[in-house]
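[1] predicted structure and sequence below. I'll ask about it afterward.
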Amino acid sequence: MHRLVFASLLLLGMVACHAAPLATTPEAPPPTPVQVDAAVKSRIEQYRQGYEVRSLDALAPLYSQTEDLTITVQGRTQHGWTQAQEALSSFLTKAVMVKVRVTDLKVVALGDAGALATMSVHRSFGDGVTTVDEVGTLLLVFRRVGEEWKIVAEHFSYAPTGGG
């Protein structure tokens, strides 16, 4: 009798080892809440307008003014609000014209207090003599601070124009 039970358990164990694993489907993340999508898109519109009116006063409240802030544009990175503010101020001072067009905007919630926005951007700016066109991808990471959404990371990259 013990041999029969042992043989049955052995056979059952062998079958279990060779059976296909149970397929599990990872849970899809919940969709981005409508209020998060709307709040982040509103901040992006303020960002676009702030650049077009060339106003550091309009742009500054959109950013996390902490050492956590990171801005990278075409491989050049500023860490912290002090460096970012200097770079923004320098850009806005030199430009006499800035136009920003945003398309293909997507917002994804990152938990309850974060969001990622990706978009295609066509940015034109000039000093009154020369105009530069940059067409590329902008990624903005937002953190909810109280009721506001602040940019904590920005990355803009674009393809070089010309014969490259």
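    Cool, got the structure. Residues are numbered from 1 along each chain as shown.

[2] quick check: mean pLDDT across the lengthiest strand in the chain?
    As assigned by DSSP state E, the longest strand anywhere in the chain is strand 131-145. Strand 131-145 carries an average pLDDT of 97.

[3] residue ranges with poor pLDDT in this structure?
    Residues of the chain that meet the criterion pLDDT under 70 lie in 1-24, 161-164.

[4] show me where it has its strands.
    Using DSSP E, strands in the chain cover 70-73, 76-79, 97-109, 114-126, 131-145, 148-158.

[5] and of the ones you listed, who's closest to P29?
    Across those, P29 has its closest neighbour in strand 97-109 (8.0 Å, Cβ to Cβ). C-beta coordinates here come from the backbone N, C-alpha and C atoms, glycine included.

[6] other residues contacting that closest one?
    For strand 97-109, contacts defined as Cβ atoms under 8 Å, 6 or more residues apart in numbering pick out 29-30, 32-33, 36-37, 40-41, 44, 47-48, 51-52, 54, 92, 115-126, 128, 131, 138.

[7] dump the strands of the chain into a markdown table; add distance to T25 and mean neighbour count as well.
    Shown next, in a markdown table, are the strands of the chain (distance: least, Cβ to Cβ, whole Å; neighbours: other Cβ atoms under 10 Å):
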| stretch | distance to T25 | mean neighbour count |
| --- | --- | --- |
| strand 70-73 | 35 | 18 |
| strand 76-79 | 38 | 13 |
| strand 97-109 | 20 | 14 |
| strand 114-126 | 23 | 18 |
| strand 131-145 | 28 | 16 |
| strand 148-158 | 31 | 18 |
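
[8] what packs against the longest strand of the chain?
    Applying 3 or more Cβ pairs under 8 Å, 6 or more residues apart in numbering; DSSP states H and E, one finds that strand 131-145 contacts helix 34-52, strand 114-126, strand 148-158.
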